[in-house]
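*Asks:* could you work out the structure for the sequence below:
(chains A and B)
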Amino acid sequence: MRQLFKFHGGVHPPTHKEQSSQSPIAQAVLPSRLVVPLYQHIGNRAKPAVEVGQRVRKGQIIGMPEGSLSSAVHAPTSGTVAAIDMQQVAHASGMDDLCVTLIPDGQEEWIKREGMDYLSINKADIRFVLRMAGVVGLGGATFPSDQKLRPGKHKIKTVVLNGAECEPYITCDDLLMRERAEEIIQGAEIIRYMLDAEEVLIGIEDNKPEAIAAMRLAVNARPRSASADRMEVIAVPTLYPGGGAKQLIRVLTGIEVAAGVRSTDLGAQCFNVGTAYSIYRAIAHGEPLISRIVTVTGNVAQARNFEVLFGTPAHELVSQAAPLPDTNGYLMGGPMMGIRLPSEQVGIIKATNCIIAMSDVLFPPAPPALPCIRCTRCAEACPAELQPQELYWFAKAKNFDKARKYNLFDCIECGACSYVCPSHIPLVQYYRFAKSEIWDQESNQKAADAARVRHEYHEFREEREKREKAEKLAERDRAAQAAKAQKAAAPPTLPPAGEVANVSPCAAPADADPENTMQLKIQRAIEQAKLQAATTTPKNTEQLTPEQRAQIAAIEARRAHIHELASTSVEASSAMLVEANTEVKSQPPTQSPQE
Amino acid sequence: MLSALLVMLEIAVVLGAVLGFAAIKFRVEGNPMVDKIDAILPQTQCGQCGFPGCKPYATAIANGEADINLCPPGGEEGIHKLADLLGRDFVPYGGDIAPKPKSVAFIDENDCIGCTLCTQACPVDAIVGAAKQMHTIIAAECTGCELCVAPCPVDIISMIPIKETLTTWKWKYPIYALSPVK
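*Replies:* Numbering: from 1, shown residues only, chains lettered A, B, ... in the order given. This next block holds a predicted model:
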């Protein structure tokens, strides 16, 4: 008997699992249309790979992965692409995101599927296949699986297969393990092979005896020779949130994953059983991830699990479980961690493990919150060993630095603290708020740092350009000087007539410093200009008519007057200008017939 | 008596030498406060504070020449942070200074005449273009400082507020009713 460990805290909410675990998995009816979001995973949004009006086959890629952390999105059935546009998605924000709308043709015509033997191809290729098959973690985080299967710095000793399914109402993993245990085990084999792990521990909560039995049978049925490795199904005590990755790793291996450390650094990696199943389907059958098992339960007459194509509108799925008339909304996920669906039109996504129909009887509105009395029951319940009452305090005061120091980011938002809170404070909401504010601040800080670097470079560049320009000018000047010096040193040729500079006494010596020569040059230029001004006389000032002379005199007088005024005040001068203008206009236009 | 005086003198000389050495050895270049303040400022380089960039404003604050409430892009949060750092009280924005929604500049490329005036105005080199060629903004690098808007001779640069998307969405501050205490 394996020694099991305990994690801190935990709660025992009523499970409500038997409601949906009585009937086998049913195939959901093909919906009238599928709205498939292109952003269903952690990382970059997939890029549309189809056009409106295009016919696609079942399993065809409609969204190409972009960047290293991304995953493909596929057509869940054959049909025609009706639109690629922004539509509301199953997200807590209720916002729109890019979706591909598909009208199914009902023919279910598959793309060419090719399975392969994973032992015969290299690991990088397997990862690529998984990336292109859109396989992501189905436990709820939807982290691309190919990234989790990359060899890291640390050797993975233990693969933990997560079949705990601790959250109330949800039974999708339970039913999957009961009905498709063999395929899950084969998927686990692939994971073990990819990570070169020594053992695979399958943790299942002890409230699912059928699943435990089925999985044990499948493990024992494996060909013995194939593996010297260990694979073991372990029943773990039912305690929420025992299905959290860190918590399950703790229970099975005793490894405590400290704040800021990843379980992989300590030799353990956790996968959901549903993920193992899809990895197997993708590798051995060439089937991309286009559907998943979804529990439909709560305020419905026929709660059960369905195999649902992604993009199926929530209401079309729920209608197959006969929702009761007093249903007033839907939860995606469980009652502890789930989010309220923004509308019943949104499509099922890879993260949807459960849809719960809500009613006032099942989920009575939360009683009004009372002030925190610092009873620390939340701290006793917290599976991450945090101090939720302190975190609440800091988040409420928007004291984010302090919240972070108290390891806010170790919070898994399991809701155990809110569940036990005698004051009914929505604690998790505060933590989510604080987390997203901190993320926002971080990204702003990053942008500011980038801007600072760019601005500093901008200034450096301007400075450099200025310097280079000055150097170039100086260079040119020096060259000209040198040429002139050469000229002066050579026997003087006849100077051009009228050039005063040469006869002036200030001829530059050849070895004069540049500043001095510059001044000399300026001096020379001024002298030349003066000389020119003296020799030339204004040309068209003779033979003026008396009217023209009078006009000139008037203008000169006005100009003198304005000059005088301008020095006194701006307002006065501008007023004068206006006056002067009117004066000009009032004068009769005189024409000079000459020219 | 004399020996005591000599001992005191000796101690004074030694300590003086140590302090003098430390003053030279551990001399801090520039004002370290400026960098700390500059780290809080949002680096939009917009000049709305009346200084030609964030660093000059930081220097002015450090020297006590400017108040801490002159930076609209930093928001009230920025003022809070500056107040914390400098041990001062929070001061709200004064006069016509108010934070605007975050925006990026947008050049209507059809009408761009390629005058390069906006490129010269951009403090973070976020505008691409050459003389007599179309110019465009690198949106990811734009700080939204609006310095390129005024120089444009054909008035085709506009500021577009950044919309919230699924990836930038934030959880809201929880608002709920407290039950009255009886």
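*Asks:* with adjacent residues omitted, what lies nearest to the single nearest residue of the stretch 1-150 of chain A relative to chain B?
*Replies:* Of the residues in the stretch 1-150 of chain A, the one nearest chain B is A:Ser93, at a distance of 4.2 Å by CB to the nearest CB. For the C-beta atoms, the positions are set from N, CA and C on the backbone; glycine is no exception. Once flanking residues are discounted, A:Ser93 sits nearest to B:Trp169: 4.2 Å by CB to CB, 6 or more residues apart in numbering or on different chains.
*Asks:* who are the contact partners of that neighbour?
*Replies:* B:Trp169 makes contact with A:91, A:93, A:95, A:436 under the criterion CB atoms under 8 Å, 6 or more residues apart in numbering or on different chains.
*Asks:* for the last one, helix, strand, or coil?
*Replies:* Same thing as A:Ser436. Of the three states, A:Ser436 takes helix under DSSP: H, G, I helix; E, B strand; the rest coil.
*Asks:* domain assignment for the chain?
*Replies:* Picked chain A for this. Domain ranges of chain A: A:18-358, A:368-466, A:546-586, per automatic domain parsing.
*Asks:* I was thinking of chain B, sorry if that wasn't clear
*Replies:* Under the assignment automatic domain parsing, the domains of chain B span B:32-86, B:103-161.
*Asks:* related to what we said a few turns ago, what's the closest of the domains of chain A to B:Ile40?
*Replies:* With distances scored as CB to CB, the stretch of the domains of chain A nearest to B:Ile40 is domain A:368-466 (8.9 Å).
*Asks:* how about that closest one and chain B, touching?
*Replies:* Yes: using CB under 8 Å from any CB of the partner chain, domain A:368-466 reaches chain B at A:368-371, A:426, A:429-430, A:432-433, A:435-437, A:439-440, A:444, A:447-452, A:454-455, A:457-458, A:461.
*Asks:* how about the strands in chain B?
*Replies:* Under the criterion DSSP state E, chain B carries strands at the ranges B:103-107, B:127-128, B:136-137, B:157-161.
*Asks:* how about A:Val160, secondary structure?
*Replies:* strand.
*Asks:* so where's the stretch 451-595 of chain A uncertain?
*Replies:* Within the stretch 451-595 of chain A, the stretches with pLDDT under 70 are A:491-515, A:537-542, A:567-595.
*Asks:* show me the helices in it, by range?
*Replies:* Secondary structure of the stretch 451-595 of chain A (DSSP state H, counting those that start in this stretch): helices at A:500-503, A:514-535, A:546-566, A:570-586.
*Asks:* flag every buried residue along the longest one.
*Replies:* Within helix A:514-535, the residues that qualify as buried are A:517, A:520-521, A:524, counting by 16 or more other CB atoms under 10 Å in any protein chain shown.
*Asks:* which helices and strands sit right next to it?
*Replies:* helix A:427-489, helix A:500-503 (3 or more CB pairs under 8 Å, 6 or more residues apart in numbering or on different chains; DSSP states H and E).
*Asks:* what about the closest residue in space to A:Asp440 that isn't next to it in sequence, distance to B:Val7?
*Replies:* Leaving aside its chain neighbours, A:Asp440 sits nearest to B:Lys170 (5.8 Å; criterion: CB to CB, 6+ apart). From B:Lys170 across to B:Val7, the span is 67 Å (CB to CB, to the nearest Å).
*Asks:* same deal with A:Pro65?
*Replies:* From A:Pro65 to B:Val7 the distance is 78 Å (CB to CB).
*Asks:* now swap in A:Val50 and tell me
*Replies:* 91 Å.
*Asks:* between these two, which has more neighbouring residues?
*Replies:* For A:Val50 versus B:Val7, the count of surrounding residues by other CB atoms under 10 Å in any protein chain shown is larger for A:Val50: 19 against 10.
*Asks:* check contacts around the more buried one.
*Replies:* Counting by CB under 8 Å, 6+ apart, A:Val50 has contacts A:56, A:60, A:62, A:75, A:81, A:84, A:100.
*Asks:* of these - the most surrounded one?
*Replies:* The contacts of A:Val50, ranked by neighbours (other CB under 10 Å): first place A:Ala75, 30 neighbours.
*Asks:* isn't it up against A:Ile62?
*Replies:* Yes: applying CB atoms under 8 Å, one finds A:Ala75 in contact with A:Ile62, separated by 5.1 Å.
*Asks:* number of residues surrounding the closest residue to chain B within chain A?
*Replies:* Here the residue of chain A nearest chain B is A:Pro368; by CB to the nearest CB that distance is 3.5 Å. Using other CB under 10 Å, A:Pro368 has 12 neighbouring residues.
*Asks:* again, but for the one 10 residues further on
*Replies:* The criterion is other CB under 10 Å. On that basis, A:Cys378 has 27 neighbouring residues.
*Asks:* which element, helix or strand, includes it?
*Replies:* Assigned by DSSP states H and E, A:Cys378 belongs to helix A:377-381.
*Asks:* what packs against that helix?
*Replies:* helix A:388-396, helix A:416-420.
*Asks:* including distance to A:Ala268, could those helices go into a markdown table?
*Replies:* Output for the helices and strands packed on helix A:377-381, formatted as a markdown table (distance: least, CB to CB, whole Å):
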| stretch | distance to A:Ala268 |
| --- | --- |
| helix A:388-396 | 26 |
| helix A:416-420 | 22 |
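*Asks:* mind checking which of the ones you listed is nearest B:Gly94?
*Replies:* Going by CB to CB, the one of the helices and strands packed on helix A:377-381 nearest B:Gly94 is helix A:388-396, 28.9 Å.
*Asks:* who in chain B is up against chain A?
*Replies:* Residues of chain B lying close to chain A by CB under 8 Å from any CB are B:38, B:41-45, B:53-54, B:122-126, B:141, B:143, B:164-174, B:176-179, B:181.
*Asks:* of those, grab the buried ones for ChimeraX.
*Replies:* Selecting the buried subset of those in ChimeraX, with 16+ other CB under 10 Å as the burial test, is done by:
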select /B:38,41,42,43,44,45,53,54,122,123,124,126,141,143,166,171,174
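*Asks:* just the residues of chain B next to chain A: which are in helices?
*Replies:* In helices, judged by DSSP state H, the following of the residues of chain B next to chain A are found: B:38, B:54.
*Asks:* A:Leu289: neighbouring residues, count only.
*Replies:* The local packing of A:Leu289 (other CB under 10 Å) involves 29 other residues.
*Asks:* so A:Asp97 sits in a strand?
*Replies:* Yes: secondary structure of A:Asp97 (three-state DSSP): part of a strand.
*Asks:* quick revisit: including mean neighbour count and mean pLDDT, could the strands of chain B go into JSON lines?
*Replies:* Below are these laid out as JSON lines (neighbours: other CB atoms under 10 Å in any protein chain shown; pLDDT from 0 to 100):
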{"stretch": "strand B:103-107", "mean neighbour count": "19", "mean pLDDT": "92"}
{"stretch": "strand B:127-128", "mean neighbour count": "18", "mean pLDDT": "93"}
{"stretch": "strand B:136-137", "mean neighbour count": "18", "mean pLDDT": "94"}
{"stretch": "strand B:157-161", "mean neighbour count": "15", "mean pLDDT": "92"}
